[in-house]
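1. A predicted structure for the sequence below; I have some questions about it.
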Amino acid sequence: MRIARKAQAGTMQSSDLMVALEPADELSVEIASTVKKQFDHLIHAVVSEVLSSRGVTAGRVRVTDRGALDYAIRARLETALERAGER
Amino acid sequence: MVTQLLTGADRARARDFIEAQGLSFEPGFDDLVGRFEGGALVATGARAGDVLKMIAIDPAYQHGALLGEVAGELVRLGLAAGHDGLFVFTRPAHAPSFEALNFALLASHARVALLEYGGRFAAWLAAGARLVRPGPGAAVVLNANPFTLGHRHLVEEAARRAATVYLFVVREERSAFPFEVRLRLVREGTADLSNVVVLDTSRYAVSAVTFPAYFLGRTDPVAEIQMELDATLFGARIAPAFGVTRRFFGTEPTCATTRAYNAAMQRVLPSFGVEPVEVERAQAGGAPISASTVRAALAAGDDAALAALVPPTTLAYLLSDEGRAVRGRLHGAKGRHG
């Protein structure tokens, strides 16, 4: 799928994350997390997995995480992607 | 849940609540949100452009998740409005609470801390890092509205005394000459100086965020804190990223706000290992050259005076059709930096 418009999902609550998407020529993933030191690579892995399973090859993906578990990361990113898709 | 406060009655309650928490209610926001418990307001927050303000939480609820709810809603609204990131000013004691929400601390002063959500500052520093040259450098920050022989003298002096000069042009669009023009005239006017690197300040020096009083011509105690915060951000974060050990600026004979800013730099910068270097302003016809003199000459149609005040590159622009269009705006402009 293609990120066709700006979209967001999630909250700033503990154990949750906010995802912000916007169209871009190249794919970039920016992650800020309160548990970045320990879990940055795991968050990256989940984000990459969802993006590739949805066939996203371009766009700016920004995640601010407060210790969300992987299913929460998947759900928020999927939701944001649904909102960012073409209608 | 956090809701937008849209009715007059809700806004009046927000005002009472915010003032009861010891903050001042400032109209002129884009969003005002609040959270009710049992019919009473227990948390508020507002957004004006990309600055979050008036964030207040009832002390009885301060150990819960309300700050995250309010800040999260304001960030959501701010991003939806097209902003790339959001700033917040808070008391230094509250900075860790915002850091826990993934706001990055930009600068902390005795009275106020400035934080940012969205990672823009790190991205700006990373972009600037590509232009950094080896060895200790010097910095000059200019609004250059427009670039004059006074600016040229200051930059030449810095370039003569330092291996590399990082010349930051204020990006804020609060001036008669648009940023793109100010930047272009600075580039053209310093093109022959091989050790000068021209950059833009983004929002991180002398901006409506770090130092709004500059554009309002204020010198009150609030303005004083802003100036010190601006100088702190420069000394603590920007200077080390560029290897800058000296900041050059011109003496200020007339404008009280700029003079106070110079004094703030003298007070703040040395504690971060940055030496403030004040350079005597260049003169023309026995008077110091300033951009406001240039704008006054332009507004008065006194083209003959311009050649003594600006370099040929700026003069060519001022006498062009594009430059003449700016004159119309100058007639209505107010304020020293307008």
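-> That came through fine.
2. chain A: helices as residue ranges?
-> When secondary structure is read from DSSP state H, chain A shows helices at A:36-53, A:70-84.
3. out of these, nearest to chain B?
-> Evaluated over these, closeness to chain B peaks at helix A:36-53, with 9.3 Å, by Cβ to the nearest Cβ. For every residue, glycine as well, the C-beta is placed using N, CA and C.
4. what's the closest one packed up against?
-> strand A:27-33, strand A:59-65, helix A:70-84 (3 or more Cβ pairs under 8 Å, 6 or more residues apart in numbering or on different chains; DSSP states H and E).
5. who are the contact partners of whichever residue of chain A sits closest to chain B?
-> The shortest separation between chain A and chain B is 3.1 Å, found at residue A:12 (distances taken as Cβ to the nearest Cβ). Applying Cβ atoms under 8 Å, 6 or more residues apart in numbering or on different chains, one finds that residue A:12 lies in contact with A:18, A:64, A:66, B:68-69, B:71-72, B:75, B:101-102.
6. just checking, residue A:19 touches residue A:10?
-> Yes - using Cβ atoms under 8 Å as the test, residue A:19 is close enough to residue A:10 to be in contact (5.3 Å).
7. shared neighbours of those two, which are they?
-> A:76, A:79-80.
8. what does chain A have sitting close to chain B?
-> Counting by Cβ under 8 Å from any Cβ of the partner chain, chain A comes close to chain B at A:6, A:8, A:11-14, A:18, A:20, A:30, A:32-34, A:62, A:64-66.
9. gap between residue B:211 and residue A:4?
-> 39 Å (Cβ to Cβ, to the nearest Å).
10. give me the more crowded residue out of those two.
-> When neighbours are counted by other Cβ atoms under 10 Å in any protein chain shown, residue B:211 and residue A:4 differ, and residue B:211 comes out ahead with 24 against 13.
11. host element of that one?
-> When elements are defined using DSSP states H and E, residue B:211 is found to belong to no helix and no strand.
12. now it: how far from residue B:217?
-> 12 Å.
13. still on that earlier bit, buried ones only from the residues of chain A next to chain B, please, as a ChimeraX command.
-> Selection command for ChimeraX covering only the buried members of those, criterion 16 or more other Cβ atoms under 10 Å in any protein chain shown:
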select /A:6,8,11,12,18,20,32,33,62,64,65,66
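14. and the residues of chain A next to chain B, which two are furthest apart?
-> Spatially, the most separated pair among the residues of chain A next to chain B is A:6 and A:14, at 25.6 Å (Cβ to Cβ).
15. who in the stretch 101-250 of chain B is up against chain A?
-> When proximity is defined by Cβ under 8 Å from any Cβ, the stretch 101-250 of chain B lies next to chain A at B:101-102, B:104, B:117-119.
16. tell me which of those residues is nearest to chain A?
-> Once Cβ to the nearest Cβ is applied, the member of these that ends up nearest chain A is residue B:102, at 4.0 Å.
17. can you pull the pLDDT of residue B:269?
-> For residue B:269, the model assigns a pLDDT of 98.
18. so who does residue 17 touch?
-> No chain specified, so I'll use chain A. Contact analysis of residue A:17 by Cβ under 8 Å, 6+ apart lists A:10, A:33, A:63-66, A:68, A:72-73, A:76.
19. not quite, go with chain B.
-> By Cβ under 8 Å, 6+ apart, the contact list for residue B:17 reads B:34, B:41, B:44, B:56, B:58.
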